[in-house]
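In: show me how the following folds:
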Amino acid sequence: MSGSIRVLVCGGGIAGNAVALQLLRAGIDTTVVERAPAPRPGGQAVDLRGPSRKVAERMGLLPGIRRRQLDERGMVFIDDRGRQLARMPAEMFGGAGIVAEIEITRGDLNQVLLDEIAALSTESGALDYRYGDWAVDLTQDADTVRVRFASGAQAEFDVVIGADGLHSATRAQVFGPHEQFTEYLGAYIGFFTIPTPPRTMLETGWVGVYPVPGSTVAVRPDADPATSMAIISTRTPADDALRGDTAAQQRLIRDRLTGHGWVVPAILDTMAEAPDFYFDEVSRVRMPSWSRGRVVLLGDAAYCGSPMTGMGTALALIGAYLIAGEIAETPTDSARAFGRYEELLRPLVTEAQKGTEVSVRMRHPETRRGVAFALIVMRVLVSRPLAPLRALLTRLIGAQAEYPLPDYSSAAVR
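Out: From the prediction side, this is the model:
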């Protein structure tokens, strides 16, 4: 099949690299453009469970994931003075709790995908991978998509896959402006590496969670005990002035957290020096269709449910597996491939996106009384996990139900 069609993937994150890997395995020539100058290391921890773990296994990713997975043993909820109020081990609820059996940073999972791409034999499709470049103009007709890149290069493709995240430029160029498809859910989230504060009082492999009015602070120890990942989420009205302004983003975090306890002062003292500071809105993407002509969207660009669903990476992997398989089965009929991809995945997306605004509110009580009540509920939950509370937890963590995955082995895709 090599050379039969040419596919452009916009975005070199997990979704983009996963679909590129599967397309190459099917013998399809693939170009990937990634705006960043190099792969982004570290980042938030993501989990693999249910159908996303099955996809990772079919794609041959589990050995690499196992080598890089985090030693996360559970979560411990902490008060102002650093006292541990409730512990939720990973094995609680049959491994379907907040911390899954397999946890890995986004950067490490992306590197596993890049390693697999690099290991492909020459019998696979040809790969053109470009960092520091992106599509600035897409023009399509019935037969092709003509693309002009930021580098000045131009090329034609049979299919373009937009896997460029929540703020997808591909979506904006082909489908319409960001505001047409995104819904702000009332919070922002940031994460960054910090020197491990001396008073975290966290055991190896345990993530500390410290709720305060309107915000939640979490600290996840890294493999190197000298550093940790700080994860801050806070409820606040949408503010366009925050976009792209690191100083304003850090000022918001300071305003919301100054005066609180545990290790917050140490986090605020070192935040400005963080080498990997990341901050973004908690938003949901809803689209009536994920494709238009020969352009199709994948992952957060098409169906971001927000970090609160816990299923962003799962949907990216499952979606990449499906769209690559469908393109490989009908390489000359993109409309059929896109239709099948959406038919198969939309029910799972719809379920994953339910109740995310409720989840945001429940994770960020606005008052001290609300925080105290939430901690009481959590203590009851871990000591006497009653059925209604189990159901609530399942909804909050976005637990993945069973999902029948098609077999694309006949199309030379694992």
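In: give the buried residues for the lengthiest strand in the chain.
Out: In the chain, with assignment by DSSP state E, the single longest strand is strand 182-195. Of the residues in strand 182-195, 182, 184, 185, 186, 187, 188, 189, 190, 191, 192, 193, 194 count as buried by neighbour count, 16 or more other Cβ atoms under 10 Å. The C-beta positions use only the backbone N, C-alpha and C, and glycine is treated the same way.
In: can you redo those residues as JSON lines with pLDDT and distance to residue 45?
Out: What follows is the buried residues of strand 182-195, written out as JSON lines (pLDDT from 0 to 100; distance: Cβ to Cβ, whole Å):
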{"residue": "182", "pLDDT": "93", "distance to residue 45": "24"}
{"residue": "184", "pLDDT": "92", "distance to residue 45": "24"}
{"residue": "185", "pLDDT": "90", "distance to residue 45": "21"}
{"residue": "186", "pLDDT": "90", "distance to residue 45": "23"}
{"residue": "187", "pLDDT": "92", "distance to residue 45": "18"}
{"residue": "188", "pLDDT": "94", "distance to residue 45": "18"}
{"residue": "189", "pLDDT": "94", "distance to residue 45": "13"}
{"residue": "190", "pLDDT": "93", "distance to residue 45": "15"}
{"residue": "191", "pLDDT": "91", "distance to residue 45": "9"}
{"residue": "192", "pLDDT": "93", "distance to residue 45": "14"}
{"residue": "193", "pLDDT": "92", "distance to residue 45": "13"}
{"residue": "194", "pLDDT": "92", "distance to residue 45": "15"}
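In: ok, and the helix or strand in the protein with the lowest average confidence?
Out: Within the chain, no helix or strand scores below helix 387-397, which has a mean of 55 by mean pLDDT, DSSP states H and E.
In: low-confidence stretches in this structure?
Out: For the chain, the stretches with pLDDT under 70 are 1-3, 90-101, 121-124, 308-310, 381-402, 410-414.
In: and the helices in it, which stretches?
Out: In the chain, the helices defined using DSSP state H lie at 14-25, 50-58, 62-68, 106-118, 169-174, 178-181, 246-257, 264-270, 300-303, 312-329, 334-352, 356-363, 368-383, 387-397.
In: most tightly surrounded among the ones you listed?
Out: The highest mean neighbour count among the helices of the chain, using mean count of other Cβ atoms under 10 Å, belongs to helix 300-303: a mean of 30.
In: so how far is it off the chain centroid?
Out: 10 Å (Cα atoms, centre = their mean, to the nearest Å).
In: need the contact partners of it.
Out: For helix 300-303, the surrounding residues in contact (Cβ atoms under 8 Å, 6 or more residues apart in numbering) are 11, 15, 162-166, 168, 170-171, 285-287, 290, 296, 312, 315-316, 319, 345, 349, 353.
In: now the helices of the chain in a markdown table, with distance to residue 32?
Out: As requested, the helices of the chain are exported to a markdown table (distance: least, Cβ to Cβ, whole Å):
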| stretch | distance to residue 32 |
| --- | --- |
| helix 14-25 | 5 |
| helix 50-58 | 19 |
| helix 62-68 | 19 |
| helix 106-118 | 9 |
| helix 169-174 | 13 |
| helix 178-181 | 23 |
| helix 246-257 | 27 |
| helix 264-270 | 35 |
| helix 300-303 | 14 |
| helix 312-329 | 12 |
| helix 334-352 | 18 |
| helix 356-363 | 30 |
| helix 368-383 | 42 |
| helix 387-397 | 31 |
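In: go through the ones you listed and name the closest to residue 87.
Out: helix 368-383 (6.4 Å; Cβ to Cβ).
In: and that closest one, what does it pack against?
Out: strand 74-78, strand 84-89, strand 206-212, helix 387-397 (3 or more Cβ pairs under 8 Å, 6 or more residues apart in numbering; DSSP states H and E).
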